[in-house]
Structure formats: structure tokens, C-alpha cells
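Trainee: below are the sequence and a predicted model; questions follow.
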Amino acid sequence: MDYNLYGFSKRQSISEGTPYSKEHPHGTLGDRQAGLHSQPQFALPTFDSLPRRSAYYETHYPLYYSDWTNIQGNSNDYVALSSYSEDSTNKVQIVKGIREINERDDEDIQLSKTGEVSVNYPVTKLQWDPQLASGRSYEPKLATSSECLRLYEYHEEGEISQLVETAILSNPKNKSFHQLPPMTSMDWCSADPSYIITCSIDTTCTLWDVSKGAGVAKTQLIAHDSEVFDVQFLHNSQNLFASCGNDGSVRLFDLRCLDRSTIIYEPHAAASAGDHASSSSYNKRHPLLRISASNYNQNHITAIEANSNRLVVLDLRYAGSPIRILDHHAGNINSVKWHPYKNFLLTVGDDCQAFIYDFNALEGSKPLTTTSSSNSLASGNSLKRVHTNGESDMPIMAYSDTIELNNATWSSKGDWVGLVGGKGFQAVKVDD
């Protein structure tokens, strides 16, 4: 099976694992404390001067995706991680985080593996049951997408823990399990956790009912003209979901009326929307790899362009044109995640940097007429406050690592972020 999911070659640094050898600083530093500071530092220290890592977990293979949860009544954190390997050996791991106070009276997290399963193909997305963080469920469940949708249960009794596969759901259009088109992403509905929606390179999105037994396909629709790369329910909605794909568009669907969809964003539509029509940045067609729907404002959606440092910020009230184009990263953006309940947005990229934006300043923004300029805002080895000089588009916090950052996640409480880079997962404290 050709598993080039997005039609783009995965960076050689991931597939070959070359930067993650034992000689690379990221793999030999050990523990390093990373936290927020009030003053920015713009000189990148040498590798020898970096302090030892803490709140860090390292595997034997390159990692790709992560998701973080906690269980009500349980003080521990749980992080699900997936590997990226082009051969037929990939892993899904569960890492437990135990919070403690270190010798500097700062909160720290000790991370250790407690469960693991092998899968043939790379996992394109994984997600904990959204009921866990809200306290509606105390039974940890996990969903992953790859060549099919897999459901797991995580069991932990004393010192014994295991991740058990409970269901395998394949695309109903295909009868042969060995000819399945890869699922490029999935989303577990927080408003109605009986529903999971997946998307695929075969142009479809499929809604699954996982409330009973092994799960069944409830409905399937052709969502785009070409490959669909991501899909997500809107906040607090069990009917509205958005998708993006190789055609460069973001589309909004309503499960109550699937015979139509609303095109929220399309490059050529944006190019004819106003005075900025002649801008070459709008005329180029860019596939959109990932979207993220705000957990604070249901009208806000962000999308990542392929092989680009541009983050498209959309408002459902102004279909056709973005309200912002954020391009502060100095390399391709790889992941974008909204805060669990605040109006904050987290981004990471190939420039080894993570940014946090405060979108309260963008409330009420109208469609874009100008774009910001690209900058490298942060250096050093810890999260830092960034002086924005009154510019609402600027990130308010920044973090620099020594390696490309491939994925990011928030803790359930939003007080930590998790960053995936190379073979490691770094938890970073976010101060108030």
C-alpha cells in the first residue's frame, strides 16, 4: 500500500531518522526544564550550555502524533503517542505523567511508558475519548486512524496496564481489507461521543456510530473534489463539521442536510474578494493539510497550508476570505491546536519553534486586506513571553527547541503543552 497520505513526501529527517542518532543533541541532553519566563531571550545558546531536560519522554523511533488527557478523580496525566515509520512496524504508546514539585519549587511532570501496541501503518491521528477530560466517563478509550479506524481501551490496575484493541472499522466502499484507501484524519465528537468522523484520500468523509458493539458506518459523503486531509466537528456541535483537502478549500457540512455544503474558504474566491485580489499569495492554490476549530469561539477555524509557513484564520461569518494570514514561523507549519477552553492558539513548525497566539485581540476582525510579515520571533530553549509592541497578530509566547517540531497538544487543563520532535515528547509548562 502506498502510504504517502497527503500526496507530499514526508521529510527525510523523519522517514530516515537521520537527525535522531545518538550524536544529535536532542537525543542525548537527558532532562531539560522548559517553562515560561517574563522576559524574552533572543540568543540561541550552544548545545553544551543547554540545561538537562525534564518533563521529557524519548522513544527508539521517530514520533508523529500526540494527544493528552486526564481522568477525573485521577491526578495523573495520560499522553497517547504514535510513531512514523515507512516500514510495517509502527507503535501506539501510552505515557503516564505524574506531577510533582521539583527542587526549585516548580511543577514538573515525570513521564513513563505504561502501554504499547504495534500497528502496520503510521497513525495519521489519534484522540482520547473527549468524555474523559469532562468527567463524563472514567473508562479510558482511544481512537486512531490509519488504513482503518481502530478503537482501544486502556486498562490500568496497580502496576499492571495494557492497551487493548476493541474494534477495527474499515471504509464501507471497499470490500477488501488489503485495498483500503488510507484515512488521513478523524475527530471524536465532544458534543456526542457516540460519533467519530473520518476522512480519506478517496474524497469521502464517513460518520461512525461507536456507541454500540464494534461500531457501524452511519453515513458517508463525497466531501471534496480530491483527497480530504482533515475533518473536525465544530465546538459544542454534533451536526456541524468542517473539512479541508488537496483542492485547497475548507468546507462546512451539516449532518441534518448533507445534500449541500458551504465553501468557507477557497483560494480563487479569496483572490476576488477585495482590494487584495492582485496579491500573489492569494492566487496560488495551496492544498490544506490540517484544520482546527476553536473551543472558545465556534466561528473561528484555522487551516495549515502544505509546505508553507502560512496559517489561514477563518471566520464562518465571513465566508470566502480569511480574517488573518499568520506567517510568523520561519519554516513550514506542522501542527495547530486551540486551547481547551481559552481563546489561545498553539502552532509548531520546521523552524523548531512553538508559538501561542491570543485571539481575544482578533475578536470582531473583518476579512483580511493586508498580511503580516514573516519573522523568526524566538530563540533559546524555553517558552518565553514575546513583546508584541501592540500588534494584535503577534504571538504572546514562544518556545525554541533544537529540532523540528512535528506535532503539538494541550493538556486537558490547558496548563501544559506537549511538543513532538524527533523521537521525543517534551511537556512545557504554560504559566498564567
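Mentor: Thanks, I have it. Numbering: from 1, shown residues only.
Trainee: look up how far Glu227 lies from the closest residue to Tyr121 other than its chain neighbours.
Mentor: Spatial nearest neighbour of Tyr121, excluding adjacent residues (CB to CB, 6 or more residues apart in numbering): Ser146 at 4.4 Å. C-beta: built from backbone N, CA, C; applies to glycine. In this view, Ser146 and Glu227 are 15 Å apart by CB to CB, to the nearest Å.
Trainee: tell me which of the two has more neighbours.
Mentor: Higher neighbour count among Ser146 and Glu227: Ser146, with 24 against 20, using other CB atoms under 10 Å.
Trainee: any idea how far that one is from Lys125?
Mentor: Where Lys125 is concerned, Ser146 sits at a distance of 9 Å (CB to CB).
Trainee: Ala55 now?
Mentor: From Ala55 across to Lys125, the span is 24 Å (CB to CB).
Trainee: tell me how many other residues surround Val138.
Mentor: Not quite, residue 138 is Tyr, not Val. With other CB under 10 Å as criterion, Tyr138 counts 11.
Trainee: for it, grab phi and psi.
Mentor: phi -120, psi 10 (degrees, to the nearest 10).
Trainee: which ones are touching it?
Mentor: By CB atoms under 8 Å, 6 or more residues apart in numbering, the residues touching Tyr138 are 71-73, 132.
Trainee: farthest pair in those residues?
Mentor: Gly73 and Leu132 (10.7 Å; CB to CB).
Trainee: more crowded one of these two?
Mentor: Counting neighbours by other CB under 10 Å for Gly73 and for Leu132 shows that Leu132 has the greater number, 23 against 7.
Trainee: and the more buried one, helix, strand or coil?
Mentor: Counting by DSSP: H, G, I helix; E, B strand; the rest coil, the backbone at Leu132 sits in helix.
Trainee: now name the helix or strand holding the closest residue to it other than its chain neighbours.
Mentor: Spatial nearest neighbour of Leu132, excluding adjacent residues (CB to CB, 6+ apart): Thr69 at 4.9 Å. In this assignment (DSSP states H and E), Thr69 forms part of strand 63-70.
Trainee: and the contacts of that strand?
Mentor: 14, 76-84, 122-129, 132-133, 140, 406-413, 416, 418, 420, 422-425.
Trainee: just the buried ones from those, in PyMOL syntax?
Mentor: Restricted to buried positions by 16 or more other CB atoms under 10 Å, the PyMOL selection for the contacts of strand 63-70 reads:
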select buried, resi 14+77+78+79+80+81+82+83+84+122+123+124+125+126+127+128+129+132+133+140+406+407+408+409+410+411+412+416+418+420+422+423+424+425
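Trainee: tell me the mean pLDDT for stretch 232-242?
Mentor: Regarding stretch 232-242, the rounded mean pLDDT is 96.
Trainee: how close does the residue nearest to Tyr121 get to Tyr64?
Mentor: 11 Å.
Trainee: overlap in contacts, these two.
Mentor: 122-123.
Trainee: is the residue nearest to Tyr121 in contact with Val123, as I believe?
Mentor: Yes: proximity of Ser146 to Val123 meets the contact threshold set by CB atoms under 8 Å, at 5.2 Å.
Trainee: so what's the residue count around the residue nearest to Leu132?
Mentor: 20.
Trainee: got it, and Lys113?
Mentor: Neighbour count for Lys113, taken as other CB under 10 Å: 15.
Trainee: does it sit in a helix, a strand or a coil?
Mentor: Under three-state DSSP, Lys113 comes out as strand.
Trainee: how much space separates it from Gly97?
Mentor: With CB to CB as the criterion, Lys113 and Gly97 are 11 Å apart.
Trainee: what secondary structure does the closest residue to Asp202 other than its chain neighbours sit in?
Mentor: With CB to CB, 6+ apart as the criterion, Asp202 has its nearest non-adjacent residue at 4.1 Å, and that residue is Pro181. Per three-state DSSP, the local secondary structure of Pro181 is coil.
Trainee: residues near Pro181, how many?
Mentor: 18.
Trainee: so it makes contact with Thr203?
Mentor: No: contact criterion CB under 8 Å: Pro181 and Thr203 do not qualify, at 9.2 Å.
Trainee: what is the end-to-end distance of stretch 285-295?
Mentor: 28 Å (CA to CA, to the nearest Å).
Trainee: ok, now stretch 337-353?
Mentor: 14 Å.
Trainee: roughly how far is that stretch from the heart of the chain?
Mentor: 9 Å (CA atoms, centre = their mean, to the nearest Å).
Trainee: counting neighbours, what do you get for Ser211?
Mentor: By the measure other CB under 10 Å, the count of residues near Ser211 is 11.
Trainee: next one: Asp431
Mentor: Neighbours of Asp431 (other CB under 10 Å): 13.
Trainee: do Glu266 as well
Mentor: That count, for Glu266 with other CB under 10 Å as the rule, works out to 17.
Trainee: residues contacting it?
Mentor: Contacts of Glu266 (CB under 8 Å, 6+ apart): 247-250, 320.
Trainee: name the member of those residues with the most neighbours.
Mentor: Val250 (26 neighbours).
Trainee: who touches stretch 110-119?
Mentor: Against stretch 110-119 from outside (CB under 8 Å, 6+ apart): 55-57, 79, 89-98, 100, 144, 146, 150, 152, 154, 156, 161-163, 165, 425, 427.
Trainee: among those residues, which ones are buried?
Mentor: In those, the ones that pass as buried (16+ other CB under 10 Å) are 55-57, 79, 90-97, 144, 146, 150, 152, 154, 156, 161, 163, 425, 427.
Trainee: now the helices for the stretch 251-400 of the chain?
Mentor: Ranges of helices in the stretch 251-400 of the chain, per DSSP state H, counting those that start in this stretch, are 267-271, 280-283.
Trainee: can I get the contacts of Tyr138 in JSON lines with pLDDT and distance to Val336?
Mentor: Putting the contacts of Tyr138 into JSON lines (pLDDT from 0 to 100; distance: CB to CB, whole Å) gives the following:
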{"residue": "Ile71", "pLDDT": "82", "distance to Val336": "26"}
{"residue": "Gln72", "pLDDT": "73", "distance to Val336": "27"}
{"residue": "Gly73", "pLDDT": "70", "distance to Val336": "31"}
{"residue": "Leu132", "pLDDT": "90", "distance to Val336": "22"}
